[in-house]
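J.: Predicted model, plus sequence, below.
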Amino acid sequence: MSSPGSLARQLAAHQVSATLHTVAIVVQQLRQLGIPASAVLRGSRITEASLRQPAELITQAQELTVFANALERSGNPALGLEVGAAMHLPSYGLLGYAMMVNPTLVRALRCALKFPRLLGSYFQLELRVLGGQAWLQVSGYHYRSDLEVFNTDLCVASMWALICDVLGQRRAPTAVCFAYAQPAHGPAYQRVLGCHPEFGAARTGIGFPGEWLDQTLQFAEPVSCHMATQQCEQLEREWSRAGGDSLMARVLRLLYADPRRFANLDAVATELCLSGRTLRRHLQGNQTRFQTLLDQAMRDRALDYLQKTQLTIAEIADRLGYAEPASFRQAFRRWTGQSPSQMRRSG
C-alpha cells in the first residue's frame with residue numbers, strides 16, 4: 001500500500017505541466033543505442049508523433065515514466081548526467097532566450113529560478129555566494145525515489161550546461177557535491193562535469209567563482225530582456241493552470257498539441273464536447289481569453305521551429321496556418337517584439 005506521502009507525490013506529478021523537450025532528448029539518446037522510441041515511451045501515453053511537436057504539454061508523471069523506461073532499457077546509470085549535459089538554451093524555449101538576453105550571469109540565473117515550471121526541475125534551486133564562491137544548491141526532491149539519482153544528475157548537469165551556454169564557453173566548476181553516496185557510475189561525473197564530486201556531502205550543489213556572476217553576457221539586450229521576462233511570467237501562470245484535468249488544462253493541452261487545428265474557439269469546444277458559449281464563459285471566469293491562449297501556443301511553436309529546425313520562414317508560416325509569410329511575421333513581432341529572422345540569428 002502506498003503511503004500518504006507517496007500518494008501526494010504521485011498526485012503532484014500528475015498535476016505539474018512539462019514540455020516534451022527532455023523526453024525528446026532521452027528518446028534520441030536511446031535511439032542511438034538501437035532502442036526504439038516505442039520502448040522508451042511505453043506506458044507514458046506520449047506518442048512518437050508528439051515528439052515532432054515539442055511545444056505540446058505533458059505532465060511530470062508522464063516524463064518520469066519515460067525516465068524509468070530509459071534507465072531500464074539502456075542499462076546506463078550515467079544516463080541522467082548525459083541527458084542533462086545535452087540540454088542547452090534552446091531546450092528551454094522562451095526561458096532559454098530570456099536567460100540569453102539578460103545582462104549578467106547572476107540575472108540570467110535568477111531569471112531561470114523565478115520560473116520553475118518553465119525550467120522543468122524536480123528540485124528547489126537556490127543561488128548563494130559563500131566566501132567568494134557561488135553555489136547553485138539543489139534540494140527538496142519529493143518524487144519517485146528510484147529516480148532520485150537520475151533526476152539529481154540531470155538537474156546538476158543541465159544547470160551547468162546552461163551556465164556554460166550563457167557565458168559562451170565550456171568551463172569546469174570549482175566544486176560539485178552530492179548528498180548521496182557515490183554511485184556505480186562515479187567516474188562519469190568527471191567526464192561530464194569536468195570536476196570530480198564530493199559524495200555523501202551535507203548538501204547537493206555545484207560551485208564556481210563568484211566573480212563569474214557579474215560577467216556581462218554576449219547577447220545582453222535590455223528591451224528584449226524585459227519583453228521576454230514578461231512573456232515568461234505569463235507562460236508560467238498559464239502552465240500552472242495546465243496541470244491536472246481541469247477544463248483550462250485540457251484547453252491548453254489541445255492548443256499546444258495542434259494550434260493550427262484548434263485555431264478557433266468552436267473547434268476546441270467541439271473537441272471538449274462543450275458549446276462555444278460555455279467555453280468562453282469558463283475562460284472569462286479564469287480571467288483570460290481564447291485568443292490570448294492561442295497566441296501563446298502559436299508563439300511557442302514558432303520559437304521551437306525557429307530555434308530547432310532549418311525550416312524557412314515561409315514553411316513555418318504555412319505549418320502554423322498563415323496564408324502569407326507577411327502575416328506570420330507581423331504576428332511574431334507582436335508576440336516577441338522581434339522579427340522571426342532576428343530571433344533566429346540571436347538563438
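T.: Everything's here; your move.
J.: check contacts around Glu126.
T.: 113, 136-137, 139 (C-beta atoms under 8 Å, 6 or more residues apart in numbering). Using the backbone N, CA and C atoms, a C-beta is placed for each residue, glycine as well.
J.: residue contacts, Gln182?
T.: Contacts of Gln182 (C-beta under 8 Å, 6+ apart): 199-200.
J.: can you check Asp300 too?
T.: If you count contacts by C-beta under 8 Å, 6+ apart, then Asp300 has 55, 93-94, 235, 256 around it.
J.: Could you list every helix and strand in contact with whichever strand or helix holds Glu238?
T.: If you go by DSSP states H and E, Glu238 is part of helix 222-241. Packing partners of helix 222-241 (3 or more C-beta pairs under 8 Å, 6 or more residues apart in numbering; DSSP states H and E): helix 94-100, helix 105-114, helix 116-119, helix 247-257, helix 290-308, helix 325-336.
J.: what angle do it and helix 247-257 make?
T.: 130 degrees (axes from the mean of the first three to the mean of the last three C-alpha atoms, to 10 degrees).
J.: Now do helix 222-241: distance to the chain's middle.
T.: 14 Å (C-alpha atoms, centre = their mean, to the nearest Å).
J.: Could you list the low-pLDDT ranges of the protein?
T.: 1-16, 53-56, 241-245, 347 (pLDDT under 70).
J.: Using the record's assignment, carve it into domains.
T.: Here the domain assignment for the chain is 4-214, 245-346, based on automatic domain parsing.
J.: mind listing the strands for the protein?
T.: 17-19, 57-59, 124-130, 133-139, 175-177, 204-209 (DSSP state E).
J.: Sheet partners, orientation included, of the third one?
T.: What that stands for is strand 124-130. strand 133-139 (antiparallel) (DSSP bridges).
J.: For the partner strand, list the C-alpha coordinates in CSV.
T.: C-alpha atoms of strand 133-139 as CSV (Å, rounded to 0.1, in the frame of the first residue of the first chain):
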residue,chain,number,x,y,z
GLN,A,133,32.3,31.1,-4.2
ALA,A,134,29.0,31.0,-5.9
TRP,A,135,26.8,27.9,-5.3
LEU,A,136,23.8,26.6,-7.1
GLN,A,137,22.2,24.4,-4.4
VAL,A,138,19.7,21.6,-5.2
SER,A,139,17.3,20.3,-2.6
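J.: most packed of the helices and strands packed on helix 222-241?
T.: Mean neighbours per residue, mean count of other C-beta atoms under 10 Å, is largest over the helices and strands packed on helix 222-241 for helix 94-100, with a mean of 26.
J.: Contacts for that helix next, please.
T.: 88-90, 92, 108-109, 111-112, 115, 118-119, 162, 165-166, 217, 219, 224-225, 228-229, 231-232, 235, 299-300, 303, 307, 343, 346-347.
J.: And for stretch 36-43?
T.: So stretch 36-43 is in contact with 23, 26-27, 30-31, 47-48, 51, 65-66, 69-70, 73, going by C-beta under 8 Å, 6+ apart.
J.: How far does that stretch sit from its chain's centre?
T.: 20 Å.
J.: Would you mark the buried spots in that stretch?
T.: 37, 40-41 (16 or more other C-beta atoms under 10 Å).
J.: cool, and stretch 215-235?
T.: Buried, per 16+ other C-beta under 10 Å, within stretch 215-235: 215, 217, 219, 221, 224-225, 227-229, 231-232, 235.
J.: Tell me, how many residues neighbour the residue nearest to Cys225 when sequence neighbours are not counted?
T.: Distance criterion C-beta to C-beta, 6 or more residues apart in numbering; nearest residue to Cys225, sequence neighbours excluded, is Val101 at 4.6 Å. Neighbours of Val101 under the rule other C-beta atoms under 10 Å: 23.
J.: separation between Val101 and Gln284?
T.: Val101 sits 34 Å away from Gln284, taking C-beta to C-beta, to the nearest Å as the criterion.
J.: do Arg277 as well
T.: 11 Å.
J.: that older thread, so the residue nearest to Cys225 sits against Met227, correct?
T.: No. Using C-beta atoms under 8 Å, Val101 is not in contact with Met227; the gap is 9.1 Å.
J.: if we can go back for a sec, how about the strands of the chain, which one is nearest Arg333?
T.: Arg333 lies closest to strand 17-19 among these, at 24.0 Å (C-beta to C-beta).
J.: in that closest one, what's buried?
T.: Counting neighbours by 16+ other C-beta under 10 Å, the buried set in strand 17-19 is 17-19.
J.: and that strand, what other elements does it pack with?
T.: Against strand 17-19 (3+ C-beta pairs under 8 Å, 6+ apart) you get strand 57-59, helix 60-74.
J.: same thing but at 7 Å, please
T.: The criterion is 3 or more C-beta pairs under 7 Å, 6 or more residues apart in numbering; DSSP states H and E, and the helices and strands that strand 17-19 contacts are strand 57-59.
J.: Name the strands paired with the strand it packs on and say parallel or antiparallel.
T.: strand 17-19 (antiparallel).
J.: next one: the partner strand to chain centre, how far?
T.: So, by C-alpha atoms, centre = their mean, the centroid of strand 17-19 is 7 Å from its chain's centroid.
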